[in-house]
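Colleague: Could you work out the structure for the sequence below:
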Amino acid sequence: MAEDSKSARYSEHLDVLLALITYFSLAEWRSRSPYWLAKDLGLSMPMVMSALDAFPGLFRKSRKVHPTDVGDQPAYTLHARYARRRERTPMSPGGDESTSSTPTPPRRGSSEELDPDTLRALLDFVVEQARAERESDRHARAQIWLRVGVIVAAVSSLLTAVIQLFIAA
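Modeller: Residues are numbered from 1 along each chain as shown. All right, here's what the predicted structure looks like:
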C-alpha cells in the first residue's frame, strides 16, 4: 500500500528512512528490491515499500521488475547514488544483482558508495524535515489550545455579565 507522496510525513517514516538511506549509501548494491531490502535490514516489507514509494524525491524506482520470492518487484536506489553510477561490469549469465542475496565479484556498485559528507547531508535533511513536521504539529496544537482558551474566557465573561444583570435586576 503506497502512500500519496504529498501526504507523506518524514516523522512517521524516520526510522525506516534512516535505515534505507544508510543502506543505499554504503552497501555495495546499486539497487535492491523491497523484498531484499526488508530482509537485509530486518524490517517489514510493507514498511519498506511504504517509505520507498512515499518519498520519490529520495528514492528512484526502476521501470524494470525483477523476480523475488514474493513475486516481481521493481528495484529502488537513492537518487544521489544513481547519479554516481558508472558503466556496469559484465554480469555472469543468469545473474541479476537486484534479486540475488549476495553480490558476485566484482562488486556491482563498487566505488559508487556515497561519501560521508553526502550521507551526512541526506541524513541531516531527513532528520530536519521530521523535526520541522513535529514542531509544526506542536505549534498547531498550541494554536488550538489558545483558541479554546480565548473562547472559554469569552464565554466566562458573557456568563459573568449575564449573572450581574440578573443580580442587579
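Colleague: pLDDT weak spots in the chain?
Modeller: In the prediction, the chain carries residues with pLDDT under 70 at positions 1-6, 86-111.
Colleague: so where do the strands sit in it?
Modeller: Shown for the chain, the strands assigned by DSSP state E span residues 59-68, 71-78.
Colleague: now, of those strands, which is deepest in the fold?
Modeller: strand 71-78 (a mean of 19; mean count of other C-beta atoms under 10 Å). Glycine gets a C-beta too; all of them are placed from N, C-alpha and C.
Colleague: so how many other residues sit close to residue 48?
Modeller: Applying other C-beta atoms under 10 Å, we find 24 residues neighbouring residue 48.
Colleague: same deal with residue 40?
Modeller: Neighbours of residue 40 using other C-beta under 10 Å come to 15.
Colleague: which residues touch it?
Modeller: With contact taken as C-beta atoms under 8 Å, 6 or more residues apart in numbering, residue 40 is in contact with 23, 27, 32.
Colleague: ok, back up a step: can you put the strands of the chain in a markdown table and add distance to residue 17?
Modeller: Below are the strands of the chain laid out as a markdown table (distance: least, C-beta to C-beta, whole Å):
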| stretch | distance to residue 17 |
| --- | --- |
| strand 59-68 | 9 |
| strand 71-78 | 11 |
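Colleague: right, and the ones you listed - which one's nearest residue 15?
Modeller: Among the strands of the chain, the nearest to residue 15 by C-beta to C-beta is strand 59-68 (15.6 Å).
Colleague: May I have the strands that pair with the closest one, each with its orientation?
Modeller: Looking at strand 59-68 with DSSP bridges, its partner strands are strand 71-78 (antiparallel).
Colleague: what separates the partner strand from the chain centre, distance-wise?
Modeller: 16 Å (C-alpha atoms, centre = their mean, to the nearest Å).
Colleague: So what touches that strand?
Modeller: 20-21, 24-25, 30-35, 37, 52, 58-66, 98, 114, 122.
Colleague: switch to 7 Å and redo it
Modeller: The contact list for strand 71-78 (C-beta atoms under 7 Å, 6 or more residues apart in numbering) reads 21, 24-25, 30-35, 52, 58-62, 64-66, 98.
Colleague: one step back: which one of the strands of the chain lies closest to residue 153?
Modeller: Checking the strands of the chain against residue 153 by C-beta to C-beta gives strand 59-68 as the closest, at 48.9 Å.
Colleague: CA-only coordinates of that closest one in CSV, if you can.
Modeller: Output of strand 59-68 as CSV, limited to C-alpha atoms (Å, rounded to 0.1, in the frame of the first residue of the first chain):
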residue,chain,number,x,y,z
PHE,A,59,14.4,7.0,-3.9
ARG,A,60,14.4,6.1,-7.6
LYS,A,61,12.1,3.3,-8.7
SER,A,62,13.3,1.2,-11.6
ARG,A,63,10.9,0.7,-14.5
LYS,A,64,12.1,-2.9,-14.8
VAL,A,65,10.7,-5.5,-12.4
HIS,A,66,12.8,-8.4,-11.1
PRO,A,67,11.6,-11.8,-9.8
THR,A,68,11.8,-12.2,-6.0
